[in-house]
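# Sequence below, structure please.
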Amino acid sequence: MAETCRRVAAVAESFGLFRPSYAHLRRFLVEKRENDEAARARRAELRKIAADVYFEAMRGFVIDAYEVADRVREAGR
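As a prediction, this is how the structure comes out:
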């Protein structure tokens, strides 16, 4: 976090802007990390849905497209 703060401050100063405070940068970085984790969890859930559909299709089961669409819509919520 401290290294990120130093690098952002250096870039801001090179553009002639004020240095952002550590508290402001921390808030943005925490939010970005939370968003990244949510996206990672959504991708994992979508991979599981795709695997489930694949295995059901390979076993000869009928795939309910509406159920799959609902699962995809609810993924990551």
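# can you map out the helices along the protein?
Shown for the chain, the helices assigned by DSSP state H span residues 2-14, 22-58, 65-74.
# Reformat these as a markdown table; add mean neighbour count and mean pLDDT.
No exception for glycine: its C-beta is placed from N, CA and C like everyone else's. Output for the helices of the chain, formatted as a markdown table (neighbours: other Cβ atoms under 10 Å; pLDDT from 0 to 100):
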| stretch | mean neighbour count | mean pLDDT |
| --- | --- | --- |
| helix 2-14 | 12 | 89 |
| helix 22-58 | 12 | 94 |
| helix 65-74 | 11 | 95 |
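# What residues does Val8 make contact with?
By Cβ atoms under 8 Å, 6 or more residues apart in numbering, Val8 lies in contact with Pro20, Leu25.
# Look up how far Glu56 lies from it.
48 Å (Cβ to Cβ, to the nearest Å).
# How much space separates Met58 from Ala51?
11 Å.
# With Ala38 instead?
21 Å.
# same check, this time on Ile63
Distance from Ile63 to Ala51, by Cβ to Cβ: 13 Å.
# if I look at the residue nearest to the spatial centre of the chain, how far off is Lys32?
What sits nearest the mean C-alpha location of the chain, by Cα atoms, centre = their mean, is Ala39, with 2.0 Å. To Lys32, Ala39 is 11 Å away according to Cβ to Cβ.
# swap in Thr4?
Distance from Thr4 to Lys32, by Cβ to Cβ: 10 Å.
# swap in Arg6?
Applying Cβ to Cβ to Arg6 and Lys32 gives a distance of 17 Å.
# swap in Gly60?
Distance from Gly60 to Lys32, by Cβ to Cβ: 44 Å.
# got it, and Arg7?
For Arg7, the distance to Lys32 - Cβ to Cβ - is 15 Å.
# Cool, thanks, signing off.
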